[in-house]
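Peer 1: attaching a predicted model along with its sequence, questions to come.
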Amino acid sequence: MTALLTLPIALPLGAAALSVVVGRWRVAQRVIGLVTLTALLGTSIALLVLVDRDGAEATQAGGWSAPFGITLVADRLAAVMLVVSMVMLLAVLVYAIGQGGEERRHVGFHSVYLALTAGVSAAFLTGDLFNLFVSFEVMLTSSYVLLTLGGRRDQVRSGMTYVVISLVASALFLTAVAFVYAATGTVNLADLAVKFTDLPVGVRQALALLLLVVFGIKAAVFPLFFWLPDSYPTAPTAVTAVFAALLTKVGFYAIVRTQTVLLPPNDRPQTLLLAIAGATMLVGVLGAIAQNDIKRILSFLIVSGIGYMVMGLGLFTVAGMAGAVFFIIHHVIVMTALFLTGGLVEQRTGTGHLDRVGGLIRTAPALALAFLVAGLNLAGVPPLPGFVAKFALVDAGIDGGWWLVVAVSLLVSLLTLFSMTKIWAGAFWGEVEPAVDLQRPVPMAMLAPTTSLVALSLALTLFAGPLYGLAERAATDLLDASTYVQAVLGS
Amino acid sequence: MTIVLAAAAASLFGCGTYLLLQRQLTRILIGLALLAHGANLLIVLTAGGRGQPTFIGTGDADGFLDPLPQAFVLTAIVITFGVTGFLLALAYRSWVLTHDDDVQDDVEDRLVARRTEAEDVADARAAAAEAAAHTSDSQFEPEAPR
């Protein structure tokens, strides 16, 4: 058990170091990266199976008992997130290797990518607030490097915005840690769950709100999302895919963790979260409609998707939370597939600007099909898993009687479909632009991960029943913090 | 004594926020460093007590300071140091590329804004033309019988 919990953090860190050592041989670096991520995928699947069977598991690093030592804990949500992230990280690594180019051949690319993996795993598995801060920093510092590896002018400009906004969030995070420690004398999440009930309501809510702002910046929710569509699209496609599909989800995971564990059920900010959810969805999709570049449209749709997840969380019911968990699984995979497809369009034609590309359905039908399936999936057209996820959320919203946010979510679905048709009409229909469409060959190593992800997203429909069952069990765990507390503190 | 430290943390936060809102990268950098210092100071404050050692010899628990916040601060300082170094390198790279210390605007954003402005202007022109055509039409129209 201990091995399963520590491996997802220790393995990529060790591999990252090894990758630096063999920096002279690119092939060796690639083998290390692929082998590590495959092993991690296996580990996390094993962890998921085990946790789903036996309930949340915890281990104390160094043998120091719970509130004092470094706690690693995996419940169903953490295990699910881990599996989904490893799938997408592996697919994107294959894609990045296939794409080649100066930035992917940079000596640091593989080791930094693995360090990012370690940070993501640590963020999912950590059981205390300060280690959450450290794992966020590991993850973000790696992402700064990946974003600016090319050192181009636009990358430096947008990287600057990204680094500055992340550092502000980190400073706020540290402040929140200080306040939490001052109020309770502990940073262990399970211990906090117990001690938070003794705090005065005002203090409790202020701390939870501060943490919501911190993670809201990282998850890109409504008033705090402005940095995302500016900074993400300038990175190379593979990197953007990881950032957009994964890093925001890590932020959302932290929101879920803190809001459910720290606040007792009668004290959770339901109305606030639902208002944020509606605004995030709507502003995200409206931003997407105004854009004219594939990657930028997709970046805004990421923001919109976060809104749906926050809606599931904000309902604070098993059905809503289960919908949110299912939505995360679907969204990570579909969004990655869409970004990779957008990258293939750029690879083929040299640009992702909708005014300049066109007629790809005739010159690259396979690409068009991949985009069509993934795009309809994101918009939530039945019977694709996007529909299942949104149906679950809407159903849960109606059950709770939150009509306004349900109406907004349905409207946003429609607008998402509209922005997908915008890409479709701009890039795939219309005249072939011979000046732009260079018809460069697309390497198999780039096409294969993209189509596998699209196929995987279709498979989600087939296994929607068992998956939704898993999501429901995860949601039950989340809403009742006592299982989490028991796993960590053992009482 | 603690009130002095708390006031120091508050002023660090205040100055940091002010500098962060400037447009020059160097000021933003210094602002971020100040913010981080403020947060670190706040963590040190949570250790409680003053002038006491964390771990020296043995004795009553009341005679010692809580060591955990110091471990936090040490970690946080190292992280801030590393990231500030990276940011400085990035600022230098930005200066090499643009010879300018100002934060640059998002180009694509401006394009979108300009496009909507252009569309507005075009719309306004079309509407004006239509209105003009309409009035000129009505000039030639025979007056409806009353």
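Peer 2: Received the coordinates, thanks. Numbers count the residues shown, from 1 in each chain, chains lettered A, B, ... in the order given.

Peer 1: please make it C-alpha for all contacts and neighbour counts, starting now.
Peer 2: Fine.

Peer 1: which parts of chain B sit against chain A?
Peer 2: Within reach of chain A by CA under 8 Å from any CA of the partner chain, chain B has these residues: B:32, B:35-36, B:39-40, B:42-43, B:46-47, B:72, B:76, B:79, B:83, B:87, B:90-91, B:93-94, B:97, B:103-104, B:106, B:109, B:112.

Peer 1: now those: which count as buried?
Peer 2: B:32, B:35-36, B:39-40, B:42-43, B:46-47, B:72, B:76, B:79, B:83, B:87, B:90-91, B:93-94, B:103-104 (16 or more other CA atoms under 10 Å in any protein chain shown).

Peer 1: so which of those residues sit within helices?
Peer 2: B:32, B:35-36, B:39-40, B:42-43, B:72, B:76, B:79, B:83, B:87, B:90-91, B:93-94 (DSSP state H).

Peer 1: need the contact partners of stretch A:35-49.
Peer 2: If you take CA atoms under 8 Å, 6 or more residues apart in numbering or on different chains as the criterion, stretch A:35-49 is touched by A:4-5, A:7-8, A:11-12, A:15, A:76, A:79-80, A:82-83, A:86-87, A:89-90.

Peer 1: of those, which is the nearest to residue A:458?
Peer 2: residue A:87 (14.9 Å; CA to CA).

Peer 1: for chain A, what helix or strand is lowest in average pLDDT?
Peer 2: Lowest by mean pLDDT, DSSP states H and E among the helices and strands of chain A is helix A:101-105, with a mean of 69.

Peer 1: mean confidence score for the helix or strand containing residue A:335?
Peer 2: Here residue A:335, judged by DSSP states H and E, is contained in helix A:318-349. Across helix A:318-349, pLDDT averages out at 89.

Peer 1: and that helix, what does it pack onto?
Peer 2: Packing contacts for helix A:318-349, counted by 3 or more CA pairs under 8 Å, 6 or more residues apart in numbering or on different chains; DSSP states H and E, involve helix A:76-99, helix A:237-242, helix A:294-315, helix A:365-379, helix A:385-400, helix A:444-462, helix A:464-479.

Peer 1: between the fourth one and helix A:294-315, how many degrees?
Peer 2: Think helix A:365-379. Orientation check (axes from the mean of the first three to the mean of the last three CA atoms, to 10 degrees): helix A:365-379 against helix A:294-315 gives 30 degrees.

Peer 1: please state the offset of helix A:365-379 from the chain centre?
Peer 2: Centroid separation for helix A:365-379 versus its chain: 21 Å, with CA atoms, centre = their mean, to the nearest Å.

Peer 1: by contact count, what packs against it?
Peer 2: helix A:318-349, helix A:360-363, helix A:385-400, helix A:403-423, helix A:444-462.

Peer 1: and it with helix A:385-400, angle?
Peer 2: 10 degrees.

Peer 1: pLDDT on helix A:365-379, on average?
Peer 2: Per-residue pLDDT over helix A:365-379 has a mean of 85.

Peer 1: any idea which element the residue of the stretch 1-150 of chain A found nearest chain B lies in?
Peer 2: Chain B sits closest to residue A:141 of the stretch 1-150 of chain A, with a gap of 7.0 Å, by CA to the nearest CA. Assigned by DSSP H and E, residue A:141 belongs to helix A:129-148.

Peer 1: low-confidence regions, chain B specifically.
Peer 2: B:1, B:49-51, B:104-109, B:130-146 (pLDDT under 70).

Peer 1: which ones are touching the spatially most central residue of it?
Peer 2: Nearest to the geometric centre of chain B sits residue B:20, at 5.7 Å (CA atoms, centre = their mean). Residue B:20 sits next to B:27-32 when contact means CA under 8 Å, 6+ apart.

Peer 1: same thing but 6 Å
Peer 2: Residue B:20 makes contact with B:28, B:31, according to CA atoms under 6 Å, 6 or more residues apart in numbering or on different chains.

Peer 1: before we move on, what about residue A:304?
Peer 2: Residue A:304 neighbours (CA under 6 Å, 6+ apart): A:280-281, A:284-285.

Peer 1: how much space between it and chain B?
Peer 2: Counting by CA to the nearest CA, to the nearest Å, the gap from residue A:304 to chain B is 18 Å.

Peer 1: that's a strand at residue A:72, yeah?
Peer 2: Yes: counting by DSSP: H, G, I helix; E, B strand; the rest coil, residue A:72 falls inside a strand.

Peer 1: what strand or helix carries residue A:58?
Peer 2: strand A:57-61.

Peer 1: which residues are in contact with that strand?
Peer 2: Residues outside strand A:57-61 that contact it (CA under 6 Å, 6+ apart): A:2, A:70-74, A:487-488.

Peer 1: just the buried residues of these.
Peer 2: Buried, going by 16+ other CA under 10 Å: A:70-74, A:487-488, out of the contacts of strand A:57-61.

Peer 1: residue B:46 against residue A:184, yeah?
Peer 2: No: applying CA atoms under 6 Å as the test, residue B:46 and residue A:184 come out as separate, 10.2 Å apart.

Peer 1: just to revisit the earlier point, give me the subset of the contacts of stretch A:35-49 that also touch chain B.
Peer 2: Applying CA under 6 Å from any CA of the partner chain to the contacts of stretch A:35-49, one finds that nothing falls near chain B.

Peer 1: so how do I select the buried members of those residues in PyMOL?
Peer 2: Buried residues within the contacts of stretch A:35-49, by 16+ other CA under 10 Å, are selected in PyMOL with:
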select buried, chain A and resi 4+5+7+8+11+12+15+76+79+80+82+83+86+87+89+90
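
Peer 1: how about the contacts of stretch A:35-49, which pair is most distant?
Peer 2: A:15 and A:76 (26.4 Å).

Peer 1: mind saving the C-alpha coords of the helix or strand hosting residue B:12 as CSV?
Peer 2: Element membership for residue B:12, per DSSP H and E: helix B:2-20. Below are the C-alpha coordinates for helix B:2-20, written out as CSV (Å, rounded to 0.1, in the frame of the first residue of the first chain):
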residue,chain,number,x,y,z
THR,B,2,4.1,40.7,17.9
ILE,B,3,2.1,43.8,17.0
VAL,B,4,5.3,45.3,15.5
LEU,B,5,5.8,42.2,13.4
ALA,B,6,2.1,42.1,12.4
ALA,B,7,2.3,45.7,11.3
ALA,B,8,5.5,45.0,9.4
ALA,B,9,3.8,42.1,7.6
ALA,B,10,0.8,44.4,6.8
SER,B,11,3.1,47.1,5.4
LEU,B,12,5.0,44.5,3.3
PHE,B,13,1.7,43.4,1.9
GLY,B,14,0.6,46.9,1.2
CYS,B,15,3.8,48.0,-0.5
GLY,B,16,3.9,44.7,-2.5
THR,B,17,0.4,45.2,-3.8
TYR,B,18,1.2,48.7,-4.8
LEU,B,19,4.3,47.7,-6.7
LEU,B,20,2.5,44.8,-8.3
